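Novice: Predicted model and sequence follow; I will ask about them next.
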Amino acid sequence: MLLPTENNKLTLAWREPYEVVEKVGEVDYKIRVTPNKIKTYHINMLQKYHQRKEQRIENDDESGNISESEVSKDGHRIEQVAAIACMIHDRISNKKASIR
């Protein structure tokens, strides 16, 4: 659910998953905020919650690198890798510089 942050009521952030109690009309839903409190929210304040698969971080003894991995249904280890690339634009000559 999209709710105001603690520091600024005008700044919104996605918060923990809440239980949808019932659909009210086309665009409103009743949400259980606390065990004893149910409030109605417009659909634009809600987002479907997708639970992440459990992951573990292992330390590779040989290289000293830490990799995040998980195991697939057939028992094979799956590695997750992140990469970042950037393009530098030369404003004076209007040419793109190469990445080194």
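Specialist: Arrived safely. Numbering: from 1, shown residues only.
Novice: how many other residues sit next to residue 29?
Specialist: 19 (other C-beta atoms under 10 Å). C-beta here means a position set from N, CA and C on the backbone, and glycine is covered the same way.
Novice: so it is in which element?
Specialist: In the assignment (DSSP states H and E), residue 29 maps to strand 28-34.
Novice: where along this structure do the helices fall?
Specialist: In the chain, no helices are found when defined by DSSP state H.
Novice: Low-confidence ranges, it, go.
Specialist: 54-83, 85-100 (pLDDT under 70).
Novice: need the strands for it, in chain order.
Specialist: For the chain, strands defined by DSSP state E occupy the ranges 2-4, 12-14, 19-24, 28-34, 37-42, 56-59, 66-71, 77-79, 89-90, 95-96.
Novice: Describe which strands the first one pairs with in its sheet and in which direction.
Specialist: I take that to be strand 2-4. With DSSP bridges as the test, strand 2-4 is paired with strand 12-14 (antiparallel).
Novice: What lies in contact with the strand it pairs with?
Specialist: Applying C-beta atoms under 8 Å, 6 or more residues apart in numbering, the external contacts of strand 12-14 come out as 1, 2, 3, 4, 5, 47.
Novice: change it to 10 Å
Specialist: 1, 2, 3, 4, 5, 6, 7, 45, 46, 47, 49 (C-beta atoms under 10 Å, 6 or more residues apart in numbering).
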